[in-house]
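Enquirer: Need coordinates for the below:
(chains A and B)
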Number of protein chains: 2
Amino acid sequence: MSKSVDQKLSIFALGGVNEIGKNMYVLQYADDIVVIDCGSKFPDESLLGIDLIIPDITYLLENRDKVRGIIITHGHEDHIGGLPYILRQLPMTVYATRLTFGLIDVKLKEAGLLRETEQVLIHSESKVTLGSISATFFKTNHSIPDCLGVVFHTPEGTVVHTGDFKFDLTPVNEQYPDLHKMAEIGKNGVLALLSESTNAERPGFTPSERVVGMHIEEAFRQAKQKVFISTFASNVHRIQQVVDAAFVTDRKLVLLGRSMVNVVTIASELGYLNVPEGMIIEPAEVNRFESSRVALLCTGSQGEPMAALSRLARANFRHVSVHPGDTVIISATPIPGNERNVARTVDDLYRLGANVIYGSGSVTGMHVSGHASQEELKLMLSLMRPTYFIPIHGEYRMLQQHRYLAESVGVEPGHTFIINIGDVVEIRDGAARLAGKVTAGNTHVDGLGIGDVGNIVLRDRKHLSQDGILIVVTILSKTEAKIVSGPDLISRGFVYIRESESMLDEANRMVTDVVTRLQAENVNQWSTIKSHIKETLGRFLYEQTGRRPMILPVIMEI
Amino acid sequence: MSKSVDQKLSIFALGGVNEIGKNMYVLQYADDIVVIDCGSKFPDESLLGIDLIIPDITYLLENRDKVRGIIITHGHEDHIGGLPYILRQLPMTVYATRLTFGLIDVKLKEAGLLRETEQVLIHSESKVTLGSISATFFKTNHSIPDCLGVVFHTPEGTVVHTGDFKFDLTPVNEQYPDLHKMAEIGKNGVLALLSESTNAERPGFTPSERVVGMHIEEAFRQAKQKVFISTFASNVHRIQQVVDAAFVTDRKLVLLGRSMVNVVTIASELGYLNVPEGMIIEPAEVNRFESSRVALLCTGSQGEPMAALSRLARANFRHVSVHPGDTVIISATPIPGNERNVARTVDDLYRLGANVIYGSGSVTGMHVSGHASQEELKLMLSLMRPTYFIPIHGEYRMLQQHRYLAESVGVEPGHTFIINIGDVVEIRDGAARLAGKVTAGNTHVDGLGIGDVGNIVLRDRKHLSQDGILIVVTILSKTEAKIVSGPDLISRGFVYIRESESMLDEANRMVTDVVTRLQAENVNQWSTIKSHIKETLGRFLYEQTGRRPMILPVIMEI
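Expert: Residues are numbered from 1 along each chain as shown, chains lettered A, B, ... in the order given. Just a heads-up that it's a prediction; the model follows:
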């Protein structure tokens, strides 16, 4: 590729740095923009009522004519969850592997975007040209099959994006990582490496997925009755090992939970999952078999209240129930923030008399991470030998730990860029520097609304959620200085009216006095009257209850 | 004690089983009621706006003449936090040790209850008589000094309540557990044991507090500049070791955070903490000393947003700031639910360039639990050899694990009672059985209100927090079938009005149509009109936004 005069390579993130989830990265050379991944993430407690968070793509919309396409590294929500929303605003060609498209298409179909979206199927040997940037790929291991790392060949040099990865040297279904290819890429010189940091705080080397299979099989052998096992629906390797354990222990397999059924169907159709003919039965058939001949694979490993396992734990599931003596395996580690929900589920399962195998995967052996630990991150860095390093996929402390690891294997101090979303790393003539910002942020999805719930609405929700609202309706006369009707006080989420009548009567009198006094003083601006009502009531109610409800004076004039 | 005819011993919990926190246990024999502990706990996310949860003491209020007093086992919030609220409703004699009273009195003073509350100071050798029940005590180790286990001597037999404990055989400040006394108690026969279950899921033996001291001292030696260390203010042993580490490394000590200052003051006055003369300096004095000569002990080890460490991390603290190269030690493990806040604090500290020592105490060596692990729980059970066992202080799975431990050391199957709050274990002629329930539950504290925020108010807050509220005010004419004024629509927390004018105009028209139509049909019941407005608007707004705001029609007539 010829290098145009006075051109530069820009690298930045629209999501995925200083946060977990909502991944979106951008490479731009001259008038060619390439996007990597389009994730979503769930809001924290403070974003009341918000369903989902996706990247703010203002920059891409402002440069829509330059966008050459989006490459998806794998099929997890934090890499594809934003697609249905983003593609509606910005149609672009999507590049992904077969299983990844299998999962993407479900979403695009629901969104009615499947037909109109241009898709290009890729695999580890593909080569894709996106204007002046071309891309090749390498296979990695992760907790979902068909993951790719991406090698961008730009006029400035080679940029590598690892996607999510671990090094599993004894992988399930022989899906080996492209070790030699990675070595070759590094040998040819890497200008910049973007590598994931999810487990950068974790010492050592993440165990092989295969280890979990042995523990699952042993538990299946031990179990005298039904075995329920819950894991992430997208973890096809894990599911394969559950299928294998069911096979060798001669158990039928029941799938519980919509996403579990979806993924197993898709993965089987595409040949990523090998399920023996006739092994899978319907929930309604369970009671036709001896309990020792049945295994049930369910969603809900994070204690999601509406998922299969949680509903089973609440004895609220059609056709199937947990009996005393049944075994329940939670084949996952709670994601930070989900500990309470998982614990609640375990409590409920114990109440039902189940033998529950739960807790950190490192203790139970029933789970291993899909992400590289420190030694593997050092291995990737050592293979790629990048001149510049941009740690991605992680909160600040993880990026920081990853920086230490990079420097420990020879990345020069000062050559690591810990960036915020929007920060642009500019590389010109082989030299990288921070060069300004592009628009970036969180776009809130609430119901059908995308980005329409702003700070004012959220601030009001927060206020309402804490102390509720007190509405004061008063009708004034246009002609004379008097109250025609009201004030009427209505409380929601503040106090229960029946229990607070005397206080509200008192409040009512106060409002009447305030309005009457102001009218006597010929104060007629509603804004003034309202602020007086707010102030007087606010003080009184705080003295009485120690709470500060939202006070909403409504004045009408007739 | 003579055993009255046809009498029985009742044991139940008003808080502390199937939950962590809000501990309160009750023993009743004939007309004598003894209460143990009076804790509070923080609400989970679902209880919007609630400040605190305390036990429902309806049963005690209905039997107030029988209550002989309350024994407090130690000074943690989950054992004393409810006192100021409960004592106001039900004055009773409080029995506690010196340090425990030191912490209780701060609360009673704030509540204006200190004077009127009768207090009896106890220690491990005390004997108190509470009607037909008498109590003696034994020393235990925990993450706060001056803890007691309680031995109740009743006409039915001996009941032991462990309080919180661990077995620390190399304790700080030589506060050894009363091993031989416990053995003696067990030897004389224990009818029922109530033992804490917080760490019943944790294998092994909890390390001695002394282990932490060595790690702290080492970190203090390594640090080239200021050292910040954050831990629970109530952990006096931990604080003593910080003081010792500061002393041997010749550092002045600064106390940051109100509760840290309180506890250090109280503990020093009462002689539970030995601080060298002149070691403690004021925050304002920090800059007078070389940074390598200063250590700062702060609150905020759980990432509480308003605590000292969090404010330091946000560079928002008077006189003191974290500089690049400073060391920050988090001498605690995040309590489930606090992980995110702690992580956020660590991220911010890294951004300031600090060297942060954080993560699980078992990894960093900077924290050990104050609760007995499985081997210690088995040791307590083996020492006490109870006929009946009631696991307390824990969620269901912990109580269940504790049951397994009890049976593994010889408690007969069927002799363990896993109870809910309110369940009464009745012991008559040496035989125990579940015998009905007493009133029990969660009392919500919100501002000054105790128990006045019920399900309706909470349900409204939940609804308001998710989609906000839309208020529709309409004034009808008394005399003729027409709208005098309105409808006026007011949105809070639903949509931002300026951005949704057209939708709200459309909604306005709809309401007008509905009301006009109903009036034409001579439908005049407000309830009917309101429900029509709700239904019509609800459907429309859901179609438009996918949200379901609370719709509040207000109709006035003039």
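
Enquirer: May I have the lengthiest strand in chain A exported as PDB, CA atoms only?
Expert: Taking DSSP state E as the criterion, chain A has its longest strand at strand A:483-492. Output in PDB follows, covering the C-alpha atoms of strand A:483-492 (Å, rounded to 0.1, in the frame of the first residue of the first chain):
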ATOM      1  CA  ILE A 483     -58.100  30.200  45.600                       C
ATOM      2  CA  VAL A 484     -61.000  28.700  43.600                       C
ATOM      3  CA  SER A 485     -60.100  25.100  44.500                       C
ATOM      4  CA  GLY A 486     -57.500  23.100  46.300                       C
ATOM      5  CA  PRO A 487     -54.800  23.000  47.300                       C
ATOM      6  CA  ASP A 488     -55.000  19.200  46.800                       C
ATOM      7  CA  LEU A 489     -52.000  17.200  47.900                       C
ATOM      8  CA  ILE A 490     -51.200  13.900  46.200                       C
ATOM      9  CA  SER A 491     -48.300  11.600  47.500                       C
ATOM     10  CA  ARG A 492     -46.600   8.800  45.600                       C
END
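
Enquirer: Go through the next helix or strand after it and flag the buried ones.
Expert: With elements assigned by DSSP states H and E, the helix or strand that comes after strand A:483-492 is helix A:501-520. Residues of helix A:501-520 classed as buried by neighbour count (16 or more other CB atoms under 10 Å in any protein chain shown): A:Met503, A:Leu504, A:Ala507, A:Asn508, A:Met510, A:Val511, A:Val514, A:Val515, A:Leu518, A:Gln519. All C-beta spots, glycine's among them, are computed from the backbone N, C-alpha and C.

Enquirer: Could you figure out how far helix A:501-520 is turned away from strand A:483-492?
Expert: 140 degrees (axes from the mean of the first three to the mean of the last three CA atoms, to 10 degrees).

Enquirer: How far does helix A:501-520 sit from its chain's centre?
Expert: Computed by CA atoms, centre = their mean, to the nearest Å, the chain-centroid distance of helix A:501-520 equals 50 Å.

Enquirer: Contacts (any at all) between chain B and the helix or strand of chain A with the lowest mean pLDDT?
Expert: Among the helical and strand segments of chain A, the one scoring lowest on mean pLDDT, DSSP states H and E is helix A:361-364, with a mean of 82. No. Judged by CB under 8 Å from any CB of the partner chain, helix A:361-364 stays clear of chain B, getting no closer than 8.8 Å.

Enquirer: ok, and what's touching the helix or strand just after that helix?
Expert: Next in sequence after helix A:361-364, counting helices and strands by DSSP H and E, comes helix A:374-384. Residues outside helix A:374-384 that contact it (CB atoms under 8 Å, 6 or more residues apart in numbering or on different chains): A:160, A:162, A:165-167, A:179, A:182-183, A:185-186, A:190, A:193, A:195, A:197, A:199-200, A:202-206, A:372, A:389, A:401-402, A:405-406, A:408-411.

Enquirer: what about whichever residue of the stretch 51-200 of chain A sits closest to chain B, how many neighbours?
Expert: The nearest approach of the stretch 51-200 of chain A to chain B comes at A:Asp51, 8.7 Å away (CB to the nearest CB). Per other CB atoms under 10 Å in any protein chain shown, the neighbour tally for A:Asp51 reads 18.

Enquirer: just A:Ala246 next, same as before
Expert: With other CB under 10 Å as criterion, A:Ala246 counts 27.

Enquirer: Confirm that it sits in a strand.
Expert: No. Assigned with DSSP: H, G, I helix; E, B strand; the rest coil, A:Ala246 falls outside any strand and is helix.

Enquirer: Settle this for me: it is touching A:Gln240, isn't it.
Expert: No. At 10.7 Å, A:Ala246 does not count as touching A:Gln240 under the criterion of CB atoms under 8 Å.

Enquirer: shaky segments in the stretch 401-550 of chain A?
Expert: In the predicted model, the stretch 401-550 of chain A carries no residue with pLDDT under 70.

Enquirer: Return the residues of the stretch 251-400 of chain A in contact with chain B.
Expert: Counting by CB under 8 Å from any CB, the stretch 251-400 of chain A sits next to chain B at A:336-337, A:339-340, A:343, A:346-348, A:350-351, A:356, A:358-359, A:395-397, A:400.

Enquirer: In helices, which of these fall?
Expert: Taking DSSP state H as the definition of helices, these contribute A:Glu339, A:Arg340, A:Ala343, A:Val346, A:Asp347, A:Asp348, A:Tyr350, A:Arg351, A:Tyr396, A:Arg397, A:Gln400.

Enquirer: Can you add neighbour count and pLDDT and give these back as TSV?
Expert: Output for those, formatted as TSV (neighbours: other CB atoms under 10 Å in any protein chain shown; pLDDT from 0 to 100):
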residue	neighbour count	pLDDT
A:Glu339	19	88
A:Arg340	15	88
A:Ala343	19	94
A:Val346	25	97
A:Asp347	18	97
A:Asp348	22	97
A:Tyr350	23	96
A:Arg351	17	96
A:Tyr396	22	97
A:Arg397	24	96
A:Gln400	22	96
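
Enquirer: Would you mind listing the two of those that lie farthest apart?
Expert: A:Arg351 and A:Gln400 (42.9 Å; CB to CB).

Enquirer: Around A:Ser382, how many other residues sit close by?
Expert: Count around A:Ser382 with other CB under 10 Å applied: 13.

Enquirer: should've said A:Asp178
Expert: Count around A:Asp178 with other CB under 10 Å applied: 17.

Enquirer: My guess is it contacts A:Phe138. True?
Expert: Yes. When contacts are counted by CB under 8 Å, A:Asp178 is listed as touching A:Phe138 (4.0 Å).

Enquirer: That's all I had, so thanks and see you.
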